[in-house]
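1. got a predicted structure plus its sequence, pasted below:
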Amino acid sequence: MARMKRLYEDFSTAALESRGIFLPLFGCFFLVLFSYSFIRPVCESLFLSAWGASKMPYVWIISAGATALVVWVYNKFVVSARPSKLYAVSNFMAVAFFLTFYLYFSAKHKGFSLTAFIVKDIYVVILIEQLWTFCDATFKEKPAKILYGFLAGACSIGGIVASVLTSELASVLGSKNLIFVGCGALLLGVWLFTYANRRGGTVLNANRQKLRSTAQEKAEKSSIWGGFDVLLRSKYLILICLMLMFSQFVTALIGLQFNQVLEVQVTELDMRTAYLAKFYGATNVISLVLQFGISAPMLHFLGLLLSLILVPAIMGAGSFAFFFAPTMGVLFGTRLANKSLTYSIFRSAKEILYIPLSYIEKYKGKAVIDMFIYRFAKGGIGVVIIGMQTVMAVTAITINYMIIGVIIVWILIVPLLIREYKKRESATKQG
């Protein structure tokens, strides 16, 4: 009880000392997922009508290449542009695309439906990562451990509210008209982020000014690699990259395993839809509970090492149990743990790892890791699965062995990463 009271007092202090940016940032996170939850069903529905689900692994591969190009362009402007300007341009481009998509909303436009399916995944990653990068460049470690879980929770709340509204409004407004609701939420988010940037801009401007006075900035401006070289020069960033990549391998494999068994055990279309609705509803609720009730205390009292190991360990326990009880119920629990832990505790802990980075590493190296590697991992696992399917049957048990192997490597990387984090943290404190 005393610990929770102290945590509440620390939260109040951290929120008050955040220079008035906590609430507008909370609103920004809410609005991005709110908009995405309106736009995503429209794009996915049209894609399935035009292409079918069998093309999904190929889309993962195309998406990885498209994301690499977007990150390269993004990193060309990230150092010189103000965060508020960059965020506004990103939102305006997304809005312009989806309004154009509205005009061509038809399964007959197969190329446009494919493009919209890829763009809706890229834009949400770019906007979320810009928000988290701003947080990492503004908050210090102590308030971050307390506030980050609540900021991640804003995403879940936005998704839950939008999902409820989507189910009610789709038949009233029509599917394609939901795009206007999503675009309106994006534009409102621009105003909130501009306000947050104005309040928290002192720290960011100081960091950018310091960067301008160094030789590193000249080298970065002349670089043609758009942030990839920033990543490759840093052992610490490489370790973060590897951890995220293995986490995404696990997520993709568990998702494929889940869908394989679901397709066999729940054959009737409406029952399958209801089952998936139950799953996503449970994911959002549990993620919200973890973000608001567990994430902050765990990071505050257990620390990063135990928090980052506990996440894959729980997923591994579920996958290990599947060997002894290969049922849909076990898979439901494993995938539920995978999604809810990834969106809550793992997300908050991962963002804290970025706090000791330099400004250039936060805005360029982080973009490569969190925007590109996320898509690259899914594309990579898509290539592996397509290749395996040509020589053998890829069953749920086969996938389970792959999951256990990847989780073991993931866990082994964490202590190495935390050791580098402590070195960075110590160097930052010493100036």
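-> Sure thing, it's come through.
2. give me the element the residue nearest the centre of the chain is part of.
-> Closest residue to the average C-alpha location of the chain: residue 125 at 6.1 Å, with C-alpha atoms, centre = their mean. Here residue 125 sits within helix 110-138, counting by DSSP states H and E.
3. roughly how far apart are the residue nearest to the centre of the chain and residue 396?
-> Look at residue 125 and residue 396: by C-beta to C-beta, to the nearest Å, they are 28 Å apart. From N, CA and C alone the C-beta is placed, and that goes for glycine too.
4. and residue 388, what element?
-> helix 374-389.
5. just the buried positions in the helix holding residue 125, please.
-> By neighbour count on 16 or more other C-beta atoms under 10 Å, the buried set for helix 110-138 is 112-138.
6. check stretch 149-161 too.
-> Here stretch 149-161 shows 149, 150, 151, 152, 153, 154, 155, 156, 157, 158, 159, 160 as buried, counting by 16+ other C-beta under 10 Å.
7. show residues contacting that stretch.
-> Residues outside stretch 149-161 that contact it (C-beta atoms under 8 Å, 6 or more residues apart in numbering) are 11, 22, 25-34, 36-37, 128, 135, 284-285, 287-288, 290-292, 294-296, 299, 343-345, 347-348.
8. now the strands for the stretch 101-250 of the chain?
-> Using DSSP state E, counting those that start in this stretch, no strands are found in the stretch 101-250 of the chain.
9. so for the helix holding residue 125, mean pLDDT?
-> Here helix 110-138 scores 83 as its mean pLDDT.
10. cool, and stretch 35-43?
-> Rounded mean pLDDT across stretch 35-43 is 77.
11. alpha carbons only: can I get that stretch in PDB?
-> Provided in PDB are the C-alpha atoms of stretch 35-43 (Å, rounded to 0.1, in the frame of the first residue of the first chain):
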ATOM      1  CA  SER A  35      -7.800   7.700 -36.500                       C
ATOM      2  CA  TYR A  36      -6.100   4.400 -37.400                       C
ATOM      3  CA  SER A  37      -8.900   2.400 -36.000                       C
ATOM      4  CA  PHE A  38     -11.300   4.100 -38.500                       C
ATOM      5  CA  ILE A  39      -8.900   4.000 -41.500                       C
ATOM      6  CA  ARG A  40      -7.500   0.500 -41.000                       C
ATOM      7  CA  PRO A  41     -10.800  -1.500 -41.400                       C
ATOM      8  CA  VAL A  42     -11.700   0.400 -44.600                       C
ATOM      9  CA  CYS A  43      -8.300  -0.300 -46.200                       C
END
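12. any idea how far it is from the chain center?
-> A distance of 16 Å separates the centroid of the chain from that of stretch 35-43, by C-alpha atoms, centre = their mean, to the nearest Å.
13. what's the answer for stretch 239-249, then?
-> For stretch 239-249, the distance to the chain centre is 12 Å (C-alpha atoms, centre = their mean).
14. just checking, what packs against the helix holding residue 388?
-> With contacts defined as 3 or more C-beta pairs under 8 Å, 6 or more residues apart in numbering; DSSP states H and E, helix 374-389 has these neighbours: helix 56-77, helix 110-138, helix 235-265.
15. coming back round to it: give me the angle between the helix holding residue 125 and helix 56-77.
-> Counting by axes from the mean of the first three to the mean of the last three C-alpha atoms, to 10 degrees, helix 110-138 lies at 50 degrees to helix 56-77.
16. packing partners of helix 110-138?
-> Using 3+ C-beta pairs under 8 Å, 6+ apart, helix 110-138 is in contact with helix 22-50, helix 56-77, helix 83-103, helix 141-173, helix 178-212, helix 345-353, helix 366-367, helix 374-389.
17. rewinding a little: which among the contacts of stretch 149-161 end up buried?
-> 11, 22, 25-34, 36-37, 128, 135, 284, 287-288, 290-292, 294-296, 299, 343-345, 347-348.
18. what sits up against the helix holding residue 388?
-> Under C-beta under 8 Å, 6+ apart, the answer for helix 374-389 is 57-58, 60-68, 121-122, 125, 244-245, 248-249, 252-253, 256, 394, 398.
19. which of those residues are buried, as a PyMOL select command?
-> Buried members of those, defined by 16+ other C-beta under 10 Å, are picked up in PyMOL with:
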select buried, resi 57+60+61+62+63+64+66+67+68+121+122+125+244+245+248+249+252+253+256+394
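20. coming back round to it: so the helix holding residue 388 versus helix 110-138, what angle?
-> Using the same axes, to 10 degrees: helix 374-389 against helix 110-138 is 130 degrees.
21. mean confidence for helix 374-389?
-> 76.
22. which helix or strand lies directly C-terminal to that helix?
-> With elements assigned by DSSP H and E, the helix or strand that comes after helix 374-389 is helix 396-429.
23. mind giving me the packing neighbours of that next one?
-> Counting by 3+ C-beta pairs under 8 Å, 6+ apart, helix 396-429 packs on helix 235-265, helix 304-324.
24. neighbours of residue 100, how many?
-> Per other C-beta atoms under 10 Å, the neighbour tally for residue 100 reads 11.
25. would you mind measuring from it to residue 59?
-> For residue 100 relative to residue 59 (C-beta to C-beta), the value is 20 Å.
26. now swap in residue 391 and tell me
-> Counting by C-beta to C-beta - residue 391 and residue 59 are separated by 23 Å.
27. comparing those two, which residue is more hemmed in?
-> Neighbours of residue 391 and residue 59, each counted by other C-beta under 10 Å, are more numerous for residue 59; the result is 19 against 7.
28. wait, what's in contact with that one?
-> Residue 59 neighbours (C-beta under 8 Å, 6+ apart): 47, 114, 117, 118.
29. mind doing that once more with 7 Å?
-> Contact analysis of residue 59 by C-beta atoms under 7 Å, 6 or more residues apart in numbering lists 117, 118.
30. roughly how far is stretch 382-391 from the heart of the chain?
-> 26 Å.
31. what's the neighbour count on the closest residue to the residue nearest to the centre of the chain other than its chain neighbours?
-> Once flanking residues are discounted, residue 125 sits nearest to residue 371: 5.3 Å by C-beta to C-beta, 6 or more residues apart in numbering. Using other C-beta under 10 Å, residue 371 is surrounded by 23 other residues.
32. from residue 402, how far off is residue 408?
-> Taken as C-beta to C-beta, the span from residue 408 to residue 402 is 11 Å.
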